[in-house]
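Colleague: With the sequence up front, the predicted model follows.
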Amino acid sequence: MTAFDLFDLAEANRERCRNLVKKMDCPKCGYDCYRDEVDVGVGIMYGPYGCMCGWSEDPRYDSSEGESDEQKKHPDYIVDSCGGMLLKEGVMEKLEHFGIDTTNIDL
Ligand SMILES: [Zn+2]
């Protein structure tokens, strides 16, 4: 097997994985759902689908009916419905860095 064969095999695998990724409509509000995906070379790893309304495919991140379990566990972070987390202090620092007044912002 040559390097070109390996490249073809990897490209075929990526194409197969791309076809497996399907867009999902939110079962709660009908809007588009998103998820984080990363190609690790031998396949694609992905997180749960999530929607702007707070619905999440993973119940730990679902905030459509109020604060999610993960939001309760990590009060210093912004936890989104796709399982992403941002340190609130870091977000505030970035806002201030760009000259945005944060005195009335409560994350
Ligand atoms: Zn939704």
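Modeller: Structure's in. What do you need? Residues are numbered from 1 along each chain as shown.

Colleague: Let me know the secondary structure of Met45.
Modeller: strand (DSSP: H, G, I helix; E, B strand; the rest coil).

Colleague: quick one: contacts for it?
Modeller: Glu37, Val38 (C-beta atoms under 8 Å, 6 or more residues apart in numbering). Where C-beta positions appear, they are placed from N, C-alpha and C, glycine not excepted.

Colleague: And the one 10 residues further on, by the same measure?
Modeller: Applying C-beta under 8 Å, 6+ apart to Trp55 gives the contacts Cys26, Pro27, Lys28, Cys29, Cys33, Asp62, Ser64, Ser81.

Colleague: The fifth one against Tyr46, yeah?
Modeller: Translated: Cys33. No: using C-beta atoms under 8 Å, Cys33 is not in contact with Tyr46; the gap is 12.0 Å.

Colleague: Comparing those two, which residue is more hemmed in?
Modeller: Between Cys33 and Tyr46, Cys33 has the larger neighbour count (other C-beta atoms under 10 Å), namely 23 against 14.

Colleague: Three-state assignment for the more buried one, please.
Modeller: strand.

Colleague: Dig out what it forms beta bridges with.
Modeller: When bridges are called by DSSP bridges, Cys33 pairs up with Met24.

Colleague: do you know how far Asp76 is from Thr102?
Modeller: 16 Å (C-beta to C-beta, to the nearest Å).

Colleague: Just want to know which of those two has more residues nearby.
Modeller: Neighbours were counted for Asp76 and for Thr102 using other C-beta under 10 Å; Thr102 has more, 13 against 10.

Colleague: is it fair to say that one lies in a helix?
Modeller: No: counting by three-state DSSP, Thr102 is not part of a helix but coil.

Colleague: and Asp69, what are its phi and psi?
Modeller: For Asp69, the backbone dihedrals are phi -60, psi -40 (criterion: degrees, to the nearest 10).

Colleague: This completes my enquiry, with thanks.
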